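In: the sequence and its predicted three-dimensional model are supplied below.
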Amino acid sequence: MATVKDKLIREVNPGEPVVAGAKVTIVGVGQVGMACAISILQSNIADNVTLIDVMEDKLMGEVMDLQHGSLFLKSTITAAKDYSETADSKLCIITAGVRQKEGESRLNLVQRNVEVFKHIIPNLAKYSPDAILLVVSNPVDILTYVSWKLSGFPSHRVMGSGTNLDTARFRFLIGEKLKINSSSVHGYIIGEHGDSSVPVWSETNVAGVSLQSLNPYLDTENDPEEWKQIHKQVVDSAYEVIKLKGYTSWAIGLSVSTLAQSILKNLRIVHPVSYLIKDLHGIKEEVFLSLPCVLGSSGVCGIIKQSLKESETARLKKSSETLWAIQKDLKL
Amino acid sequence: MATVQEKLITPITGGASEGPRNKVTVVGVGQVGMACAISILLRELPDELALVDVVEDRLKGEMMDLQHGSLFLKTPKIIADADYAVTAGSRIVIVTAGVRQQEGESRLNLVQRNVNIFKHIIPQIVKHSPNCILVVVSNPVDIMTYVTWKLSGLPKHRVIGSGCNLDSARFRYLMAEKLSVHPTSFHGWILGEHGDSSVPVWSGANVAGVNLQTLNPDIGTDQDKEGWKETHKMVVDSAYEVIKLKGYTNWAIGMSVADLTESLTKNLSRIHPVSTMVKGMYGINEDVYLSLPCVLNNSGVSSVINMTLNAEEVAKLKKSADTLWGIQKDLKDL
């Protein structure tokens, strides 16, 4: 007897399970991974979002919860039982990793995460050999280097979320001080994501008007307006939020979503992301640090050559030495 | 010495701009509240978002985390406080606060505990936003929407329960999957009490106007060889399934609440299955809230669609109404 479906629909060309055009894989369904997922889904930038994690129940639960909202979305959502289901992704976002234990050295944390990435990265690369890798897990600059090495991908297809979020916080805080929307405040935080990031005050402007030209003491301790505090607030932001709610999720999720949008839609928007900085600004080591990069469908299309002050370049060099000191001892 | 701001900017209006026009407040910053918040922000609905909760650290942390994403959003003001003054001037207030059922706890006891919490929340909301529309999400939602209506003193059209909005969304997703179409192309309604005794209106289920019950008169019954009734059971079990796997549900309810909020703030007059005061309909004589297809616009529930329900479906609604009233009549201090 004919089913309801048979009676309702005359099949024309049912369509094989064709790979969705713009497929994004997110590795890790913790708070950060899910914030990335919900931001990407509700921004309508991917045709399919595939999630993968070692915790199977949590993965199934999260995917089911998202699928129940399909009425409100324009993307499909898949739970990958193994990496073969991540195949043909245009973009792979890695949020997986272990957190720092109390008293643990950074090198030890990194080595533990390297073991986790040794399982993830080669699998992503195997099934999506043309994908772009976007690393979010911390310490992001080192793990982006690790991902680059483990994937065997050309460097332009491997980047880290880096100081994209730091810069967003920077622009938000300056915007609050000037009572202007953060999107109209232009400024970059570059270099190492974290305590030693570099705010490029010299090129921070509103409508092209350099703030430092209005206040030459902007980036010094002698500034009565204490603009320098803003960078300190940015550095402290993550710790603050973690202290208050246990983790951060929404801001990083939103920032990753805008990176994904630029990549998937080939927008060539400039974002500060962690990229291979060797041979720029006098850096000799194979390290990843954040610089303003042009992002498109091939990944990092170009890097903006900022005129940095000697003090700023010196800080980048110092970061690269610190990172290399850790990286050289990693067993990859 | 002039500040950077003074040197940079020549003021014109010389003062604060007027108050927000589309302020949304979310009460409760648990998983559900925050999923509602992020979904509403991503849809660019409010020009101001306020968060309220009793747990002050978490509240501040959530506010900061959202503010740090301001560059990527179009909501210029995100604020939070345990003091309800922060909610003043809201057009829509979404209530997700409340306690969860403890093991072995009776429904009446759970409800009474939540009533005591709402007695603190609702009057303060109304005091600071007397013209708002209240959207209740906390469970048991139909009873809590009744409680909210009583405590608020607001006209019934401005107190809405999220009700079967999510059940219907899940139904449309599951049915559409079976028919290989997008959920928006499968039309079907789940009405009545949110939860185990919700009513799937099989007589209205259709794709492109083609009524599925006409194609299969047994649809939704135990006699149906295709077993379509199973889909409704899957909807009822959905929440339990997801809770078993990840501990709670939040994304789907968050997105569905954002969808309601969009109809309310943008005055869309779209129809949603939400919990509304049904006294006087379908032979129901008590003050109970059940989900029916409601036209939502900036006044709240502007009208209700008169669904053609069969005798069995009407009987189920009446039975739910009796159960709900059985609990509501014993609530103290409303």
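Out: Cool, got the structure. Residues are numbered from 1 along each chain as shown, chains lettered A, B, ... in the order given.

In: which helices and strands does the longest helix along chain A pack with?
Out: In chain A, taking DSSP state H as the definition, the longest helix is helix A:106-127. Contact here means 3 or more CB pairs under 8 Å, 6 or more residues apart in numbering or on different chains; DSSP states H and E; on that basis helix A:106-127 packs against strand A:23-27, strand A:91-94, helix A:140-151, helix A:310-327. For the C-beta atoms, the positions are set from N, CA and C on the backbone; glycine is no exception.

In: take those and lay them out in a markdown table including mean neighbour count, mean pLDDT and distance to residue B:84.
Out: Output for the helices and strands packed on helix A:106-127, formatted as a markdown table (neighbours: other CB atoms under 10 Å in any protein chain shown; pLDDT from 0 to 100; distance: least, CB to CB, whole Å):
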| stretch | mean neighbour count | mean pLDDT | distance to residue B:84 |
| --- | --- | --- | --- |
| strand A:23-27 | 28 | 98 | 37 |
| strand A:91-94 | 27 | 98 | 39 |
| helix A:140-151 | 26 | 97 | 40 |
| helix A:310-327 | 17 | 93 | 46 |
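
In: can you pull the buried residues of the longest helix of chain A?
Out: A:109-110, A:112-114, A:116-117, A:120-121, A:123-125, A:127 (16 or more other CB atoms under 10 Å in any protein chain shown).

In: part of a strand, is residue B:295?
Out: Yes - under DSSP: H, G, I helix; E, B strand; the rest coil, residue B:295 falls within a strand.

In: what pairs with it across the strands?
Out: residue B:271, residue B:303 (DSSP bridges).

In: ok, residue B:92 next?
Out: residue B:24, residue B:133.

In: tell me the SS of residue 32?
Out: Answering for chain A, as no chain was given. Per three-state DSSP, residue A:32 ends up helix.

In: returning to what we had before: and the longest helix of chain A, how far out from the chain middle?
Out: 16 Å (CA atoms, centre = their mean, to the nearest Å).

In: next helix or strand past that helix?
Out: strand A:132-135 (DSSP states H and E).

In: pairing partners for that next one, with directions?
Out: Partners of strand A:132-135 in its sheet, by DSSP bridges: strand A:91-94 (parallel), strand A:158-160 (parallel).

In: now the helix or strand encompassing residue A:170: mean pLDDT?
Out: Taking DSSP H and E as the criterion, residue A:170 maps to helix A:164-178. The average pLDDT for helix A:164-178 rounds to 97.

In: same question for stretch A:280-287.
Out: 93.

In: mind listing residues that contact the helix or strand harbouring residue A:39?
Out: Residue A:39 is part of helix A:31-42 when elements are defined by DSSP H and E. For helix A:31-42, the external contacting residues (CB atoms under 8 Å, 6 or more residues apart in numbering or on different chains) are A:24, A:26-27, A:29, A:46, A:49, A:51, A:53, A:62, A:66, A:73, A:75, A:77, A:93, A:95-96, A:136, A:247-250, A:252-254, A:256-257, A:260, B:35, B:38-39, B:42-43, B:251, B:254-255.

In: before we move on, back to that, what angle separates the helix holding residue A:170 from helix A:140-151?
Out: 150 degrees (axes from the mean of the first three to the mean of the last three CA atoms, to 10 degrees).

In: hmm, residue B:174 and residue B:234 touching each other?
Out: Yes - using CB atoms under 8 Å, residue B:234 is in contact with residue B:174, at 5.5 Å.

In: who has more neighbours out of those two?
Out: residue B:174 (21 against 15; other CB atoms under 10 Å in any protein chain shown).

In: without its sequence neighbours, what residue ends up closest to that one?
Out: Take residue B:174 and drop its neighbours on the chain: the residue closest to it by CB to CB, 6 or more residues apart in numbering or on different chains is residue B:231, 5.0 Å away.

In: now for the residue of the stretch 1-150 of chain B at minimum distance from chain A: which residues touch it?
Out: Closest approach between the stretch 1-150 of chain B and chain A, counting by CB to the nearest CB: residue B:61, at 2.8 Å. The contact partners of residue B:61, taken as CB under 8 Å, 6+ apart, are A:240-246.

In: ok, now residue A:181?
Out: Counting by CB under 8 Å, 6+ apart, residue A:181 has contacts A:175, B:76.

In: ok, stretch B:146-164 near chain A or not?
Out: No - judged by CB under 8 Å from any CB of the partner chain, stretch B:146-164 stays clear of chain A, getting no closer than 13.0 Å.

In: now that stretch: average pLDDT?
Out: In the prediction, stretch B:146-164 has an average pLDDT of 97.

In: what's the answer for stretch A:99-116, then?
Out: 81.

In: go on, stretch A:59-76?
Out: 97.

In: how far out from the middle of the chain is that stretch?
Out: With CA atoms, centre = their mean as the basis, the mean position of stretch A:59-76 lies at 23 Å from the chain mean.

In: in what helix or strand does residue B:50 lie?
Out: Going by DSSP H and E, residue B:50 is in strand B:48-52.

In: just give me how far that strand sits from the chain centre.
Out: For strand B:48-52, the distance to the chain centre is 17 Å (CA atoms, centre = their mean).

In: partner strands of it and their direction?
Out: strand B:23-27 (parallel), strand B:77-80 (parallel).

In: now tabulate those strands in TSV and tack on mean pLDDT and mean neighbour count.
Out: Formatted as TSV, those follow (pLDDT from 0 to 100; neighbours: other CB atoms under 10 Å in any protein chain shown):
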stretch	mean pLDDT	mean neighbour count
strand B:23-27	98	28
strand B:77-80	98	18
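
In: give me the most central residue, chain B.
Out: Closest residue to the average C-alpha location of chain B: residue B:162 at 2.6 Å, with CA atoms, centre = their mean.

In: and that residue, what does it touch?
Out: B:135-137, B:141, B:194, B:253, B:256-257, B:260, B:274-275.

In: pLDDT check: weakest of these?
Out: Looking at the contacts of residue B:162 by pLDDT, the weakest one is residue B:194, with 91.

In: show me the contacts for that residue.
Out: Residue B:194 neighbours (CB under 8 Å, 6+ apart): B:139-142, B:161-164, B:166-167, B:275, B:291.

In: just the ones in strands from those, please.
Out: Members of the contacts of residue B:194 lying in strands (criterion: DSSP state E): B:161, B:275, B:291.
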